[in-house]
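K.L.:
heads up, no residue letters with this:
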């Protein structure tokens, strides 16, 4: 059956006899050549929910799934399977429930179940997820970080383990003034939080991202760090912003943690002309940090920018709003030479100019990275091209 792209999936209300307490829904799925077997599995997995036969739905995302984990009850009946370039989708059915499982090549999985009761749906998920994942190895240099993006079906959060150096190991990569301020930030605890906004501004290659990774490691006991990959979409979409701001509630106060949302290279959002260039983006950022939206939510926002301080919007840097405001610049000539002496030992040193060197330039010199490049072709009179 073919259809126009605009009619790929539609629900049709159906009147039930007056004695029926709940109006049921029938559904029609129109397929065209852009649909895949997984699209069919997605639709069939929701069919009992559409009809009202199984009106309770629950879903869970799993990371580090064991390759041999069945992710289904033993009595599950296979309804459909699909393997599209390594991404496997399975549809199972049982007594009063329907289970959809999508296993991704990166070791994560998405499980969604519809059932006749919430208790049954939860019981099916509990069976599927029991002993299904591998606990991460204990390694202080590895930090769990969340990554948000607004996908085709709404906000999506993926959790990954990243490498992060300790602040002690990288403190020497920053100028004296910045290092002292960073040290104060790294040692903060939840009870010390006053403002909700962290600003790291300065030229590219000065170590702003490295500092935030170290911060994620130093704060790991009390703060979960999440990176928003599409900050422009976050502040232009109220639904996306609400989802990220609300986070995940827990009723166990012992497990409750602050969250730090990292927004990298957000120059347009916080510069002086932000009101004109981003519309409501700046207002929503400020509302998240200390307005109505942020009330009752233990949320901090860290923004990195290449903008000079004088170009930032005054509302962003007003007193009381910023927990930290750090200008991360190049190391001075003396600091750069000391860094090279420490890192290069007896090897030859590059020339340090009057403006000093950025961390990226210093690391390139230390690691002796040779850049692959080509000089532009130059025309010299009638002699042709060299």
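P.N.:
Looks like it arrived, so ask away. In this text the structure is predicted, and so the values were computed from the model without any measurement.

K.L.:
pretty sure residue 205 is in contact with residue 362, am I right?
P.N.:
No - judged on Cβ atoms under 8 Å, residue 205 makes no contact with residue 362 at a distance of 9.4 Å. From N, CA and C alone the C-beta is placed, and that goes for glycine too.

K.L.:
ok, these two, which is more surrounded?
P.N.:
residue 362 (24 against 18; other Cβ atoms under 10 Å).

K.L.:
Kindly tell me how buried residue 168 is, as a neighbour count.
P.N.:
By other Cβ under 10 Å, 11 other residues sit near residue 168.

K.L.:
swap that for residue 59, please
P.N.:
Neighbours of residue 59 (other Cβ under 10 Å): 12.

K.L.:
separation between it and residue 372?
P.N.:
From residue 59 across to residue 372, the span is 46 Å (Cβ to Cβ, to the nearest Å).

K.L.:
residues of the helix or strand harbouring residue 92 that come out buried?
P.N.:
Using DSSP states H and E, residue 92 sits within strand 87-94. Within strand 87-94, the residues that qualify as buried by neighbour count (16 or more other Cβ atoms under 10 Å) are 88, 89, 90, 91, 92, 93, 94.

K.L.:
what do you get for stretch 134-143?
P.N.:
Buried residues in stretch 134-143, counting neighbours by 16+ other Cβ under 10 Å, are found at residue 143.

K.L.:
any idea where the helices of the stretch 151-300 of the chain begin and end?
P.N.:
With DSSP state H, counting those that start in this stretch as the criterion, the stretch 151-300 of the chain has helices at 167-170, 176-186, 208-218, 231-234, 238-246, 267-270, 274-278, 281-290.

K.L.:
swap in the stretch 1-150 of the chain?
P.N.:
37-51, 118-129.

K.L.:
Can you give me the neighbour number for residue 346?
P.N.:
Residues within reach of residue 346, counting by other Cβ under 10 Å, total 4.

K.L.:
and it, which of the three is it?
P.N.:
Under DSSP: H, G, I helix; E, B strand; the rest coil, the three-state class of residue 346 is coil.

K.L.:
And for residue 350?
P.N.:
coil.

K.L.:
Let me see the contact set for it.
P.N.:
340, 365 (Cβ atoms under 8 Å, 6 or more residues apart in numbering).

K.L.:
Contact partners for residue 69?
P.N.:
Residues in contact with residue 69 (Cβ under 8 Å, 6+ apart) are 131, 132, 133.

K.L.:
Which pLDDT value belongs to the first one?
P.N.:
What it means is residue 131. Per-residue confidence (pLDDT) for residue 131: 94.

K.L.:
Who is the most centrally placed residue in the chain paired with across the strands?
P.N.:
Geometric centre of the chain, nearest residue: residue 147, 1.4 Å, by Cα atoms, centre = their mean. Beta-bridge partners recorded for residue 147 (DSSP bridges): residue 158, residue 227.

K.L.:
Test my guess that it contacts residue 244.
P.N.:
No - with contacts counted by Cβ under 8 Å, residue 147 stays clear of residue 244, the gap being 11.4 Å.

K.L.:
Which residues are in contact with each of those two?
P.N.:
Common neighbours of residue 147 and residue 244 (Cβ under 8 Å, 6+ apart) are residue 226.

K.L.:
before we move on, the earlier item: as a whole number, average confidence for the strand holding residue 92?
P.N.:
Average pLDDT, strand 87-94: 95.

K.L.:
With stretch 304-313 instead?
P.N.:
In this model, stretch 304-313 has a mean pLDDT of 74.

K.L.:
Buried residues, it. List them.
P.N.:
Residues of stretch 304-313 classed as buried by neighbour count (16+ other Cβ under 10 Å): 304, 305, 307, 312, 313.

K.L.:
Mind checking which of the residues you listed are in strands?
P.N.:
Secondary structure from DSSP state E places 304, 305 of the buried residues of stretch 304-313 in strands.

K.L.:
closest to residue 51 among the buried residues of stretch 304-313?
P.N.:
residue 304 (49.1 Å; Cβ to Cβ).

K.L.:
Which strand residues bridge the closest one?
P.N.:
residue 200.

K.L.:
And it, how far from residue 39?
P.N.:
Residue 304 is 39 Å from residue 39, by Cβ to Cβ.

K.L.:
Thought residue 208 was touching residue 303, still the case?
P.N.:
No - applying Cβ under 8 Å, one finds residue 303 not in contact with residue 208, separated by 9.9 Å.

K.L.:
Just the mean pLDDT for stretch 195-208, thanks.
P.N.:
The average pLDDT within stretch 195-208 is 91.

K.L.:
Return the distance of that stretch from the chain's centre.
P.N.:
18 Å (Cα atoms, centre = their mean, to the nearest Å).

K.L.:
Now for residue 174, how many residues are close by?
P.N.:
Using other Cβ under 10 Å, the number of residues around residue 174 comes to 25.

K.L.:
do residue 85 as well
P.N.:
The tally of other residues near residue 85 (other Cβ under 10 Å) stands at 6.

K.L.:
Residue 116 is in contact with residue 97, isn't it?
P.N.:
Yes - in this structure, residue 116 is within contact of residue 97 by Cβ under 8 Å, at 7.2 Å.

K.L.:
Overlap of the contact sets of these two?
P.N.:
residue 54.

K.L.:
The two: which has the busier surroundings?
P.N.:
The residue with more neighbours, out of residue 116 and residue 97, is residue 97; 22 against 15, by other Cβ under 10 Å.

K.L.:
How about that one: what's its closest non-neighbour residue?
P.N.:
Excluding the flanking residues, the one nearest residue 97 by Cβ to Cβ, 6 or more residues apart in numbering is residue 115, at 4.0 Å.

K.L.:
and if you look at residue 132?
P.N.:
Spatially, and ignoring its direct neighbours in sequence, residue 132 is nearest to residue 69 (4.0 Å; Cβ to Cβ, 6+ apart).

K.L.:
Backbone dihedrals for that neighbour, please?
P.N.:
Phi and psi for residue 69, reported as degrees, to the nearest 10, are phi -70, psi 130.

K.L.:
Relative to residue 338, how far out is it?
P.N.:
Using Cβ to Cβ, residue 69 is found at 52 Å from residue 338.
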